[in-house]
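In: coords below, sequence missing:
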C-alpha cells in the first residue's frame, strides 16, 4: 500500500490535466453555444470527470493508483 503523499504525487498531474480539460470544454461550449446553463455546465464537467480515468487507462498512461 502506498502512502497518501505518494498517491497525491501520482494523481496531481492528472488532476491538473482534467481541470484544464474541463475549463477548455466549458470555454468552447460557451463560445459555440453562447452560454450554458448551470445544469448543462455541471453535466459537461461530470462527463469529463467520469470519462477521464477510462481514457487515461485506454491510452496506457494511468498512474499505478488507478491500475486494476
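Out: All right, it came through fine. None of these values were measured; they are calculated from a predicted model.
In: tell me how far the helix or strand where residue 11 lies lies from the chain's centre.
Out: Assessed by DSSP states H and E, residue 11 sits inside helix 4-33. How far helix 4-33 lies from its chain's middle: 5 Å, per C-alpha atoms, centre = their mean, to the nearest Å.
In: show me what contacts the residue nearest the centre of the chain?
Out: Compute the mean C-alpha point of the chain, and by C-alpha atoms, centre = their mean the closest residue is residue 18, 2.9 Å away. Residue 18 makes contact with 48-49, 52 under the criterion C-beta atoms under 8 Å, 6 or more residues apart in numbering. To be clear about C-beta, it is placed using only N, CA and C from the backbone, and glycine gets the same treatment.
In: hmm, who's touching stretch 44-63?
Out: By C-beta under 8 Å, 6+ apart, stretch 44-63 touches 10-11, 14, 17-18, 21-22, 25-26, 29, 36, 66.
In: rerun at 6 Å
Out: Where contact means C-beta atoms under 6 Å, 6 or more residues apart in numbering, the residues beyond stretch 44-63 that reach it are 10, 18, 21-22, 25, 66.
In: and the residues you listed, which are buried?
Out: Buried members of the contacts of stretch 44-63, counted by 16 or more other C-beta atoms under 10 Å: 18, 21-22.
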